[in-house]
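**Student:** need the 3D shape of this:
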Amino acid sequence: MARTDNDSWEITESVGATALGVAAARAAETDSEDPLISDPFARVFLHAAGEGMWSWFAAPNLPAQIAEAEPDLKPRMQGMVDYMAARTAFFDAFFLDAVRGGAHQVVILAAGLDSRAWRLPWPDGTTVYELDQPRVLEWKLSTLRENGAEPTCNLVHVPVDLRHDWPAALRQAGFDASARSVWSAEGLLPFLPAAAQELLFERVHSLGIPGSRIAVEAPGADFLDEGARAKQRETMQRVRDLMAKLEPQRDIPDVQDLWYFEEREDVGDWFRRHGWDVAVTPAEELMAGYDRRPPQGIDDAAPRTLFVAAERN
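**Tutor:** Numbers count the residues shown, from 1 in each chain. Down below sits the predicted model:
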């Protein structure tokens, strides 16, 4: 499904389906023998959504025909589970450190199926604002309520497209621009055009007073490498062709069709230029710090992204 201006989606479609894929990786990590993170709601989302391409990440075994035809697929999938576990742990720790330091407003941009408002031990007085498409937030909230889940913070949903005037919607929902805040942009930037990314950061900068913080998962240096993209697309196409024979009812979209491959300013440089203190950690280094490493001998088993943590002076 190609992207268009002002496109929207159900949770099982387009960008929404990628959120289920991430939830499946969190479910697989949570169910592992030595989990780095615990997300008891990830499996809840998968059960509510039903079968789809996301199911593979949460399944213990691949179909034998696919495992034989694509022997690299299983370690690739484990590499993605390990990556998502490290990514989740990074943002978890970032948020808790910030709120314990006095930032009582949390803003999760493109919240998707993020369940931190329900699973993290937030200090009293913390308000979490979740911003995303209305249908995504509605589905998440109804699913969790049906399963008896209660947020561990003051949760405020802000149903808005991040390409629209979300700062106005955020203020209207109660956000106080005169108080410190902590923000996240996780799994978001490739889904935004370069101009929208620039505008997003400008808006965060305008709302985040000194002492505010942000954590960003940013594209790495190879994001625009056409050779790397072609190799990944070729691998995914082989898997899709195999699945079409085994389970024709199950669709696997190519995530590259949902991304905007455009030149954009390095995220760390942007925030430094605007007066923020910045620390950047490459994904491989972050994973190693959590004792999670990409499988050997497979070049693109885990994304070569950058994890940016910044605090405004």
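**Student:** any low-confidence regions in the stretch 1-150 of the chain?
**Tutor:** 1-16, 52-62 (pLDDT under 70).
**Student:** in this structure, which residue is closest to the centre?
**Tutor:** By CA atoms, centre = their mean, the chain has its centre lying nearest to Gly187, at 3.2 Å.
**Student:** I'd guessed that residue sits against Ile108; true?
**Tutor:** No. Between Gly187 and Ile108 there is no contact under CB atoms under 8 Å: 10.9 Å. C-betas here are computed from N, CA, C, even on glycine.
**Student:** residue boundaries of the helices in the protein?
**Tutor:** Secondary structure of the chain (DSSP state H): helices at 14-30, 42-49, 55-58, 64-69, 73-100, 116-119, 134-146, 166-172, 194-207, 226-246, 267-273, 283-289.
**Student:** now find how far off-centre the first one is within its chain.
**Tutor:** Just to be clear, that refers to helix 14-30. 9 Å (CA atoms, centre = their mean, to the nearest Å).
**Student:** C-alpha coordinates for it, CSV please?
**Tutor:** Taking C-alpha atoms only, helix 14-30 is exported to CSV below (Å, rounded to 0.1, in the frame of the first residue of the first chain):
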residue,chain,number,x,y,z
SER,A,14,-0.3,-0.1,6.1
VAL,A,15,1.6,1.7,8.9
GLY,A,16,-0.8,0.1,11.5
ALA,A,17,0.3,-3.4,10.6
THR,A,18,3.9,-2.4,11.3
ALA,A,19,2.9,-1.6,14.9
LEU,A,20,1.6,-5.1,15.2
GLY,A,21,4.9,-6.4,13.9
VAL,A,22,6.7,-4.5,16.7
ALA,A,23,4.2,-5.8,19.3
ALA,A,24,4.9,-9.3,18.0
ALA,A,25,8.6,-8.8,18.6
ARG,A,26,7.9,-7.6,22.1
ALA,A,27,5.7,-10.6,22.7
ALA,A,28,8.4,-13.0,21.6
GLU,A,29,11.0,-11.3,23.8
THR,A,30,8.6,-11.3,26.8
